[in-house]
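generate coordinates for the sequence data below:
(one chain, ligands or ions: 2)
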Amino acid sequence: MKGIITEIERFSLRDGPGIRTTVFLKGCNMACKWCHNPETLQIRPQLMVYPEKCLGCGACVSACPSGARGIENGALCYDRALCTGCGACAESCFTGALVISGREMTVKEVMDEILQDRAYYENSGGGVTLSGGELTTQLEFARALLEAIKAEGISTALETNMHAPWHIYESLLPLVDLVMFDIKIFSAAAHKKWTGVGNDRILKNAKKVAESGKDFLVRTPVIPGVNDTEEEIGNIAEFVGGLGGAQYYELLLFNPLGESKYQALEANNSFKGSRPSSADFAEKLRQAAEKRSGLPVRVG
Ligand code: SF4
Ligand code: SF4
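Ligands and ions are numbered 1, 2, ... in the order given. Below is the predicted model:
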């Protein structure tokens, strides 16, 4: 069985306890306008183009079997509509100007990378996190991978948007030690406006995870002009506190690093130029969240 992976990040300290390997699966069932990993939204491989690295050698033009890369009036051109994401051009480009996002990998190939760091997981209380995108868009691959990781006795965590039917999460829970999920916006209408979907299912699933007794962690990305008010963060925090069983709640400041990825994908970036909240304002939000949730609140 093969999955489509955008990245396998080793030695991650952000995606759960201890030292971890995080496997990013491509494909998502939401479309958050501020997504800082826009290359994970579509499930198919995509070409990312960095023209500033191009030397103009033309090797990619000869390599492309689809006529998507060409030369017009002496200048390189690229027609994304003709591109199949085959990756032939990226293989021929030695400057890094062309990069394919999305690699087909078998469970065994992913496991070979994961197992290289087994000693680090054991010594640090870490493990492996499946992230995305949304991992449930490649459900059978995710399940097979979790089974393989568990069979090696390695701890597992999910980073999920919680927007899949509950029975899917329920079926994965026996294979998982920690569930990390976002509650991004509390207002249903605003959630639909900014992510493309309502939040009713997400909130219901959150309650069910809490009731299951599985360890979980809730996080909220703080997005300028979307949810960065004491009232909105407070409303989410109150809901998280009411779930029962959370050890803490985490606010994640806006990450502007996705900007270059939007350019490389020639995709519209609604948050171009946006920057994270100031430290003072983040502290105000943290205090509001602490007051409303009754939980310790971290800012990351
Ligand atoms: S192969 Fe790379 S460096 Fe050469 S023309 Fe194509 S994009 Fe530019
Ligand atoms: S990914 Fe394949 S189809 Fe797309 S431009 Fe490169 S060689 Fe052509």
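
quick one: buried residues of the helix or strand where residue 189 lies?
Assessed by DSSP states H and E, residue 189 sits inside helix 188-195. The neighbour-count check on helix 188-195 (16 or more other CB atoms under 10 Å) flags 191, 194, 195 as buried. All C-beta spots, glycine's among them, are computed from the backbone N, C-alpha and C.

check contacts around the last one.
Just to be clear, that refers to residue 195. By CB atoms under 8 Å, 6 or more residues apart in numbering, residue 195 lies in contact with 30, 31, 32, 33, 184, 185.

the same query, at a cut-off of 7 Å, please.
Residues in contact with residue 195 (CB atoms under 7 Å, 6 or more residues apart in numbering) are 30, 31, 32, 184.

and those residues, which is closest to residue 115?
residue 30 (31.6 Å; CB to CB).

so the residue lying closest to that closest one once chain neighbours are set aside versus residue 48, what's the distance?
Leaving aside its sequence neighbours, residue 30 sits nearest to residue 195 (CB to CB, 6 or more residues apart in numbering; 4.9 Å). Distance of residue 195 to residue 48, computed by CB to CB, to the nearest Å: 23 Å.

check residue 29 too.
Distance, residue 29 to residue 48, by CB to CB: 22 Å.

between these two, point out the one with more neighbours.
Neighbours per residue, other CB atoms under 10 Å: of residue 29 and residue 48, the larger number sits with residue 48, 19 against 15.

how about the residues of this structure near ligand 2?
47, 63-64, 66, 68-69, 83-89 (CB under 6 Å from any ligand atom).

out of these, which are inside helices?
63, 88, 89 (DSSP state H).

neighbours around the second one, how many?
By other CB under 10 Å, the residues close to residue 88 number 18.

just give the closest residue to it, not the sequence neighbours.
Using CB to CB, 6+ apart and skipping the chain neighbours, the partner closest in space to residue 88 is residue 63 (4.5 Å).

how many residues are close by that neighbour?
Residue 63 has 17 nearby residues by other CB under 10 Å.

ok, it to ligand 1 distance?
8 Å (CB to the nearest ligand atom, to the nearest Å).

what do you get for residue 11?
For residue 11 relative to ligand 1 (CB to the nearest ligand atom), the value is 30 Å.

strand partners of whichever strand or helix holds that residue, parallel vs antiparallel please.
Residue 11 is located in strand 2-12, with elements delineated by DSSP H and E. Strand 2-12 pairs in its sheet with strand 20-25 (antiparallel), strand 103-106 (antiparallel), by DSSP bridges.

can you lay out those as TSV showing mean neighbour count?
Formatted as TSV, the strands paired with strand 2-12 follow (neighbours: other CB atoms under 10 Å):
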stretch	mean neighbour count
strand 20-25	25
strand 103-106	15
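
now do the strands in the stretch 51-200 of the chain.
69-72, 75-78, 98-101, 103-106, 127-131, 156-160, 178-182 (DSSP state E, counting those that start in this stretch).

the last one versus strand 127-131: what angle between them?
What it means is strand 178-182. Here strand 178-182 runs at an angle of 30 degrees relative to strand 127-131 (axes from the mean of the first three to the mean of the last three CA atoms, to 10 degrees).

now strand 178-182, how far from the chain's geometric center?
Distance of strand 178-182 from its chain centroid, counting by CA atoms, centre = their mean, to the nearest Å, is 12 Å.

send me that strand as PDB with only the CA atoms.
What follows is strand 178-182, C-alpha atoms only, in PDB (Å, rounded to 0.1, in the frame of the first residue of the first chain):
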ATOM      1  CA  LEU A 178      -2.200  10.900  21.900                       C
ATOM      2  CA  VAL A 179      -4.700  12.900  19.800                       C
ATOM      3  CA  MET A 180      -3.800  16.500  19.100                       C
ATOM      4  CA  PHE A 181      -6.400  18.600  17.400                       C
ATOM      5  CA  ASP A 182      -7.300  22.200  16.600                       C
END
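
going forward, begin numbering at 37 instead of 1
All set: I'll call the first residue 37, so the last point we hit is now strand 214-218.

that one packs against which elements?
When contacts are defined as 3 or more CB pairs under 7 Å, 6 or more residues apart in numbering; DSSP states H and E, strand 214-218 sits against strand 192-196, strand 251-258.
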